[in-house]
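Enquirer: Just need the structure, nothing else, for what follows:
(2 chains)
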Amino acid sequence: GNSVTQMEGPVTLSEEAFLTINCTYTATGYPSLFWYVQYPGEGLQLLLKATKADDKGSNKGFEATYRKETTSFHLEKGSVQVSDSAVYFCALIRPLQKVTFGTGTKLQVIP
Amino acid sequence: DSGVTQTPKHLITATGQRVTLRCSPRSGDLSVYWYQQSLDQGLQFLIQYYNGEERAKGNILERFSAQQFPDLHSELNLSSLELGDSALYFCASSGGGSSSYNEQFFGPGTRLTVL
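Expert: Numbers count the residues shown, from 1 in each chain, chains lettered A, B, ... in the order given. Sure, this is the predicted structure:
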């Protein structure tokens, strides 16, 4: 079956530090890959997505590249802000199949 | 605002009781998904409906059931509630309008507390 593995959190960074949150997946075929973000007390919001190999999704300074050869979709940001503090979920979706979420990685950015 | 609405926002009830959570998808979206988020289990997919029919099933207990109505809103029914059912329940929708087929839009959630 499909699976998504995210790095364990929490991740604590100082403001303006570089962020990487690792995500690897196992799936047959060609899934679409997503990063969702959940701010405290809110629902999940789509952050970025990539639907085919070598696609790069980007939004709000965050980027992730769909690497089929390494089955990865790592999330990166060059300079984090306190407002980026949230839980980040990597997800894998294939048409007509249930979505598979990672366990989430909590990011805390300190001033 | 994702366009997905969920009611109620908070629900407090006792063990053994039954509750109904309601979700209205984004305009034009045909698929509705239900998720349970608890501290120890993370985000768990429960069930998906597409245009009124069950499409995929995840880790949904037999005490739980859901349906999607002709107007595409969905309800999640939780019965014989246990303390461990306390969690955030999210609804998401997809499959319509300008979004890609697979992209899901999440509602704000219903926080269920079982005492």
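
Enquirer: what pairs with A:T5 across the strands?
Expert: With DSSP bridges as the criterion, A:T5 is bridged to A:T24.

Enquirer: Contact partners for it?
Expert: With contact set as CB atoms under 8 Å, 6 or more residues apart in numbering or on different chains, A:T5 has these partners: A:23-25, A:102. All C-beta atoms are positioned from the backbone trio N, CA, C, and that covers glycine.

Enquirer: avg pLDDT for stretch A:104-111?
Expert: In this model, stretch A:104-111 has a mean pLDDT of 95.

Enquirer: any idea how far it is from the chain center?
Expert: 13 Å (CA atoms, centre = their mean, to the nearest Å).

Enquirer: So what touches that stretch?
Expert: The contact list for stretch A:104-111 (CB under 8 Å, 6+ apart) reads A:6-15, A:17, A:19, A:21, A:38, A:80-89, B:42-43.

Enquirer: Same check on stretch B:8-22?
Expert: B:6-7, B:73-83, B:89, B:91, B:108-115.

Enquirer: restrict the residues you listed to those near chain A?
Expert: Checking the contacts of stretch B:8-22 against chain A by CB under 8 Å from any CB of the partner chain, the ones in range are B:108-109.

Enquirer: Any of the contacts of stretch B:8-22 buried? List them.
Expert: Buried by 16 or more other CB atoms under 10 Å in any protein chain shown: B:6, B:74-76, B:78, B:81, B:89, B:91, B:108-112, B:114, out of the contacts of stretch B:8-22.

Enquirer: so where's chain B uncertain?
Expert: Applying pLDDT under 70 to chain B flags residues B:41, B:96-102.

Enquirer: Once you drop chain neighbours, what's closest to B:S65?
Expert: Excluding the flanking residues, the one nearest B:S65 by CB to CB, 6 or more residues apart in numbering or on different chains is B:N77, at 4.9 Å.

Enquirer: swap that for A:T28, sorry
Expert: A:N2 (7.6 Å).

Enquirer: how about the residue most central in space within chain B, what does it touch?
Expert: Central residue of chain B (CA atoms, centre = their mean): B:W34, 3.1 Å from the mean position. Going by CB under 8 Å, 6+ apart, B:W34 touches B:23, B:45-48, B:60, B:66, B:74, B:76, B:89-91.

Enquirer: Return stretch B:13-26 as CSV; C-alpha atoms alone will do.
Expert: The C-alpha coordinates for stretch B:13-26 follow below in CSV (Å, rounded to 0.1, in the frame of the first residue of the first chain):
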residue,chain,number,x,y,z
THR,B,13,-21.1,15.0,25.3
ALA,B,14,-21.0,11.9,27.6
THR,B,15,-19.8,8.4,27.0
GLY,B,16,-22.4,6.2,25.4
GLN,B,17,-24.1,9.0,23.5
ARG,B,18,-24.5,9.6,19.8
VAL,B,19,-23.6,12.8,17.9
THR,B,20,-23.8,14.0,14.3
LEU,B,21,-21.3,16.2,12.7
ARG,B,22,-22.2,18.1,9.6
CYS,B,23,-20.1,19.2,6.6
SER,B,24,-20.9,21.4,3.6
PRO,B,25,-18.3,21.1,0.8
ARG,B,26,-17.1,23.9,-1.5
